[in-house]
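Colleague: sequence unknown, structure follows:
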């Protein structure tokens, strides 16, 4: 079990008499509305993540995969794509896989 303190979620022991016990958070993107956890859909999570800071490993993997995509396109005599086009294609593929 965890605890809800004000507008945040607290995991651990009850630290204040006004703390309200809440069920365990389903995932990092779930928010407590005062009575239950609201878990966003896969596309909503993607939209949330789009506004978060990307760590170095994600940036590196994006750059490597983007470079490989354009190398394949050159070999197939297809036009290269921009990073924005590649990012949008990844987002759409992720949404398609998750039923949005």
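Modeller: Thanks, I have the structure now. All values reported here derive from a predicted model rather than from experimental measurement.

Colleague: drop to CA atoms for contacts and neighbour counts, all remaining ones
Modeller: Noted.

Colleague: if I look at residue 62, how far off is residue 77?
Modeller: Residue 62 is 22 Å from residue 77, where distance means Cα to Cα, to the nearest Å.

Colleague: please apply the same query to residue 35.
Modeller: 57 Å.

Colleague: quick one: low-confidence ranges for this protein?
Modeller: 1-20, 99-100 (pLDDT under 70).

Colleague: show me what contacts the residue most central in space within it?
Modeller: Compute the mean C-alpha point of the chain, and by Cα atoms, centre = their mean the closest residue is residue 49, 3.7 Å away. Under the criterion of Cα atoms under 8 Å, 6 or more residues apart in numbering, residue 49 has no neighbours.

Colleague: tell me which element it falls in.
Modeller: helix 42-50 (DSSP states H and E).

Colleague: show the subsequent helix or strand relative to that helix.
Modeller: helix 56-75.

Colleague: which elements pack onto the helix or strand following that next one?
Modeller: Once helix 56-75 ends, the next helix or strand along the chain (criterion: DSSP H and E) is helix 83-97. Helix 83-97 is packed against helix 42-50, with contacts defined by 3 or more Cα pairs under 8 Å, 6 or more residues apart in numbering; DSSP states H and E.

Colleague: can you give me the buried ones in the helix it packs on?
Modeller: Neighbour counts over helix 42-50 (16 or more other Cα atoms under 10 Å) mark residue 43 as buried.
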